[in-house]
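Q: here's my sequence, what's the structure:
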Amino acid sequence: MTETIRPIAVVGPTATGKSDLALELAERLDAEIVNIDAMQLYRGMDIGTAKLLRDQRRGIPHHQLDVLEVAETATVAAYQAAASADIEAIMARGRLPIIVGGSMMYVQALLDRWEFPATDPQVRATWEALLAEGGVAAVHAALRRADPAAAATILPTDGRRMVRALEVVELTGKPFAASAPAVGEPRWGTRILGVDRDTSELDARIAQRTASMFDTGLVEEVRGLIGRGLREGQTARRAIGYAQVLAFLDQEYDLDAARERTFIGTRRYVRRQRSWFRRDHRVRWVDAANPAATGVALSLLEDSGGSDIARPGARSGTVTGTGGRPATVSGTPGNAAFSARHPGAPPATDPAAPPARDSNEQVRHDPSASPAEEPTTKESTPP
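A: The predicted structure follows:
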């Protein structure tokens, strides 16, 4: 019965190991995976998005991968409609959907039923003309006058987001934040797992991933995508790595600088993801460095209810408690070690506690805030 199926969402910062955990859960729970990474929607953007290739997916059906051409514009609203249809079809077949990725606005739109304000081409064109003529400073000044709260939370370099905010304010007569959804019971009763790692360890993983992408053909991938419209696209060309390679090909800087800027952009994006997901009290956190991470995740899911969660027996790498039940977070040595690496972290006995915040990380509490629409973003066009 579909009403007894409660989807699982595996979210969190880039490069933490979300895909690996999702594959393990999908194998154990006979599930299908729904992508919620904005840039993995694009065909051909494989290396730079760390997309799992078909032979890496373990025969598990994946949805919302390779559904757009790079010249097309990805929007949150279009994703929300398409992914919702996929999830409901999976549940109608009696299967469990596992939603995997870290695109923040996409997660909120999908799980909180974000109802997007209407758009008006003429109104938007007016503000886009101001952006083109006066730059981001002129648009930011207009937003300060129309909606000071939005101007204080949207990055002043985020011209596209400021244009959208001005459009919403003009059309609705309300502050931009009023369009954001309330955080309540997740849609479909979805259980949300957050995946994270120690900051220094994650930085090392980002550096390794960046080096691997460039060493295994990211520049060649970008060259091929230029012929398919990458430069003309409004969102794909802004993705981390792709924007930096395009700048290298345009001789704005050398290849070493492209590598370094990709690493820095990814690390900055990870900090924003952490800030965003930590605001959500519904997220139950898993340390991906824990060898028993899959067992911990299953335990958290079982604690949160759901008839689709079985009590699997012990498998390699899983710490089990009585009756074959995966050990709880507080019972796994790996989680205690994680807390020890984070001196400011909440006690390890709290299974829903996120890893401690990076001391250099600035938390933004406005639920309408989003990453900048700048070359280092992995988010795509706002609604």
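Q: show me where the stretch 201-350 of the chain has its strands.
A: Ranges of strands within the stretch 201-350 of the chain are 284-287, based on DSSP state E, counting those that start in this stretch.
Q: any idea how far residue 41 is from residue 21?
A: Per CB to CB, to the nearest Å, residue 21 is found 21 Å from residue 41. Where C-beta positions appear, they are placed from N, C-alpha and C, glycine not excepted.
Q: how about residue 215?
A: 25 Å.
Q: list the contacts for the residue lying closest to residue 60 once chain neighbours are set aside?
A: By the measure of CB to CB, 6 or more residues apart in numbering, the closest residue to residue 60 outside its immediate chain neighbours is residue 26, 4.8 Å from it. Residue 26 is in contact with 32, 33, 58, 60, 98, counting by CB atoms under 8 Å, 6 or more residues apart in numbering.
Q: ok, residue 62 next?
A: Here residue 62 is in contact with 32, 33, 34, 35, 52 (CB under 8 Å, 6+ apart).
Q: same thing with residue 44?
A: Counting by CB under 8 Å, 6+ apart, residue 44 touches 70, 221, 224, 225, 228.
Q: same question for residue 137.
A: By CB under 8 Å, 6+ apart, residue 137 lies in contact with residue 156.
Q: in a helix, it, correct?
A: Yes: assessed by DSSP: H, G, I helix; E, B strand; the rest coil, residue 137 belongs to a helix.
Q: residue 215 and residue 41 - which one has more neighbours?
A: Between residue 215 and residue 41, residue 41 has the larger neighbour count (other CB atoms under 10 Å), namely 28 against 10.
Q: next, count neighbours for the residue nearest to the more buried one when sequence neighbours are not counted.
A: Nearest residue to residue 41, sequence neighbours excluded (CB to CB, 6+ apart): residue 68, at 4.8 Å. Applying other CB under 10 Å, we find 22 residues neighbouring residue 68.
Q: would you agree residue 68 is in contact with residue 42?
A: Yes: judged on CB atoms under 8 Å, residue 68 makes contact with residue 42 at a distance of 5.2 Å.
Q: so what's in contact with the two at the same time?
A: With CB under 8 Å, 6+ apart, residue 68 and residue 42 have common neighbours 74, 236.
Q: outside of whatever helix or strand residue 80 lives in, which residues touch it?
A: Assigned by DSSP states H and E, residue 80 belongs to helix 76-92. With contact meaning CB under 8 Å, 6+ apart, helix 76-92 is reached by 2, 5, 7, 32, 34, 36, 38, 41, 63-64, 67, 96-97, 99, 105-106, 109-110, 114, 116, 188, 380-383.
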